[in-house]
Structure formats: structure tokens, C-alpha cells
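Novice: Sequence first, then the predicted structure:
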Amino acid sequence: MRGLFISLEGIDGSGKSTALTTVLERLKKRYKELTFVQSREPGGNLIAEAIREIILNPDYKAMDARTEALLYAASRRQHLVENLLPQLDQGKVVICDRFIDSSLAYQGYARSLGIYNVLTINRFATEGLLPDLTLYFDIDPVLGMERVKGRGKKDRLEEEGYSFQQAVRKGYLEVVDKYPERIVVIDASRNVEEVAKVVEEKLIQAIDCHYGKGE
Ligand code: TYD
């Protein structure tokens, strides 16, 4: 049986990685027969990580927006071929920290390349593959940036500041409108445990529905 593909989305500091770490432990205990894989974009293998270093390097201020979009798509392609597709073929639950919607919100909307244009290059990269479920962690950028503050050196995207994060959030909300059946909005302004609880519920629903349990 084909696996289940879930992506997590949100602006920087939305708390998706923290929530995932907490929830993943609980899910592994609950579903001992399933294999869970945690992945992240950009990255996930040698080549994709190398592309990640180029994209996020704070020294590369001259990077053109289309170059940036193409590099994300390239990294996505390599991750898909080397990691995602084989894992899904093996029936695993793959939870990916960011996927195509990040490109639609960050490059398509916030970098003003156009959501449709960025979707087009990503369709080429992914051959149309979309997550079965996407959890979008919605949060005010003021709070998001507050959370990111203590994390040390900022990457090139994090250095963009409040108005950029605000634009990314707007972009995400447009993407949510476009794919209401795939994307679930999570209120990420709540505390860590509350957010983790909602995430856990949504993931249990999706897993039970996909693997035919709890019917
Ligand atoms: P990362 O440190 O992985 O961010 P986070 O921990 O918030 O997930 O860095 C990824 C950065 O790249 C983040 O600022 C979002 C951005 N990004 C895009 O702009 N487009 C994309 O397609 C992806 C996958 C990420």
C-alpha cells in the first residue's frame, strides 16, 4: 500500500518543527506497525542539502528571486526522487517540514513572482505530486519573529524582516483558499501543548482514514 504524505507549512517561527517533534513520539507509540519518516525542505539528502546551503547563505544577497525559486524547486526534485517517492512506495508515513506551498507563499507571493508561475515550475519538479494532507500553522509574524529571535544566526530568508513575513502569511492564506480540501489551518498562536494536541488529532484522523483503521 502506498504511504501517506503529510506536509507542515507556516512562516518562520510558527512552531511547526517543535510541534512535530512532540507529536511524532506519541504517534510512534500509538502506531507501532507503521514507519514514520521526518524530512525537511530544502534538504533531506546530500545534493538537496548542498543546494540548501547555497539558498540560505546570508552572504548571497544578490540572489535573484527566480534563481531562488528554481533552486528550491531543484532541491525539492532531488528530495522527491531520492527520499520521498521510495519512502511512499514502502508504505511509510512521511511528514515533511515544508513542501510546495512554501514556494507558492515565499517565492510566488512574497517575492512577487506570481503563485501560478511558481506552481508551474514546481509541477515540472514534482510531476504533479501534492501532499495528501497539509497542516498550515497560522501565526502573526510579530509573534513568529519573537520566537525566532533567540535562535542565533539568521539565514538569508529570516533576515528579510517583518513585512516579508507578513507577505508570506498573506501568500499562505491565498494558497489555503486555493486548496481548501488539502490544507488544514492550525492556530499556531496558542501554547506548544495546545498546538501539539490539535496536530496530533489531525494526524491520527489522516492515518486512520488512509490505512483503514478506526472504521
Ligand atoms: P529552515 O531553517 O528550514 O526554516 P524553518 O525552520 O522555518 O522551516 O529554512 C527554510 C527557509 O526557506 C525558510 O525561511 C522558508 C524558506 N523556503 C522558501 O522560501 N521556499 C521554499 O520552497 C521552502 C521549502 C523554504
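Specialist: Nice, I can see it. Numbering: from 1, shown residues only.

Novice: just checking, next helix/strand downstream of the lowest-mean-pLDDT helix or strand in the chain?
Specialist: Least confident element among the helices and strands of the chain, by mean pLDDT, DSSP states H and E: helix 141-149 (a mean of 88). The helix or strand immediately downstream of helix 141-149 is helix 162-178, counting by DSSP states H and E.

Novice: Give me the contacts around that next one.
Specialist: Contact partners of helix 162-178, identified using Cβ atoms under 8 Å, 6 or more residues apart in numbering, comprise 9-12, 101, 104-106, 108-110, 115, 136, 138-142, 144-145, 157, 183, 185. Just so you know, the C-beta spots here come from the backbone N, C-alpha and C atoms, and that holds for glycine as well.

Novice: Can you list the residue ranges for helices in this protein?
Specialist: Along the chain, the stretches classed as helices by DSSP state H are 16-30, 46-56, 65-79, 85-89, 100-102, 115-126, 141-149, 162-178, 192-211.

Novice: List, one by one, the residues from this structure near the ligand.
Specialist: Selection of the chain residues close to the ligand by Cβ under 6 Å from any ligand atom yields 12, 17, 40-42, 56, 72, 97-98, 102-103, 106-107, 155, 157-158.

Novice: and with 8 Å instead?
Specialist: Counting by Cβ under 8 Å from any ligand atom, the chain comes close to the ligand at 10-14, 16-17, 40-43, 52, 55-56, 68-69, 72-73, 75-76, 97-100, 102-103, 105-107, 110, 148, 155, 157-158, 168.

Novice: So what pairs up with I6 in the strands?
Specialist: I6 has these beta-bridge partners by DSSP bridges: I95, L133.

Novice: That one: what's it in contact with?
Specialist: 93-96, 131-135, 203, 206.

Novice: Tell me the spacing between it and K170.
Specialist: 24 Å (Cβ to Cβ, to the nearest Å).

Novice: how about the residue nearest the centre of the chain, phi and psi?
Specialist: Geometric centre of the chain, nearest residue: R98, 1.4 Å, by Cα atoms, centre = their mean. The phi and psi torsions at R98 (degrees, to the nearest 10) take the values phi 80, psi 140.

Novice: burial count for the residue lying closest to it once chain neighbours are set aside?
Specialist: Among residues not flanking R98 along the chain, E41 sits closest, at 4.3 Å (Cβ to Cβ, 6 or more residues apart in numbering). Number of residues near E41 (other Cβ atoms under 10 Å) recorded here: 21.
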